[in-house]
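In: Can you look at this prediction? I've put the sequence above it.
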Amino acid sequence: MVDAEQVENRLERLEAMLERLEEIRGAGEEAYLADAQQRLATERLLQLSIQICIDLAAQVVSEQSAPPPSSYSDVFKILGDKGVISAEITERLGSAADMAVRLSSPQPPKAR
């Protein structure tokens, strides 16, 4: 059963993060590129926003008695296959989920 309070809390957090990302976007590309802290904060906001979407989607999938997904992007594919979200949203959130995995993985050292 859906924990409505938990869902509401996640959606509120997501909304706050998206508002902050819009503020960063509104400051312009030049300001963004000039501020390393801002770039790191943006990366983290994106990662957390995507994780909230993944968590909410996984909750819906589990309540739909769907087969367990094999990856984060599969969570959105299952929702798309069931008609819960559109094909466009399925594609965009699936790509975002893949990006979140890359962001959370340590980067290998660059060859010198």
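Out: Yep, it's here.
In: Need phi/psi at Ser70.
Out: Per-residue torsions, Ser70: phi -90, psi -10 (degrees, to the nearest 10).
In: tell me, how many neighbours does it end up with?
Out: A count of neighbours around Ser70, defined by other C-beta atoms under 10 Å, yields 9. C-betas here are computed from N, CA, C, even on glycine.
In: Gly94 versus that one, what's the distance?
Out: Between Ser70 and Gly94 the distance is 12 Å, computed by C-beta to C-beta, to the nearest Å.
In: Give me the residue at the spatial middle of the chain.
Out: Centroid check for the chain by C-alpha atoms, centre = their mean gives Ile50 as the closest residue, at 0.9 Å.
In: Distance from the chain centre to whichever strand or helix holds that one, please.
Out: Secondary-structure assignment from DSSP states H and E places Ile50 in helix 36-63. When distances are taken as C-alpha atoms, centre = their mean, to the nearest Å, helix 36-63 is centred 3 Å away from the chain's centroid.
In: got the buried residues for it?
Out: Of the residues in helix 36-63, 42, 45-47, 49-54, 56-61 count as buried by neighbour count, 16 or more other C-beta atoms under 10 Å.
In: which strands and helices sit next to that helix?
Out: helix 4-26, helix 29-34, helix 72-81, helix 87-104 (3 or more C-beta pairs under 8 Å, 6 or more residues apart in numbering; DSSP states H and E).
In: Distance check, Ser95 against Asp55.
Out: As defined by C-beta to C-beta, Ser95 lies at a distance of 17 Å from Asp55.
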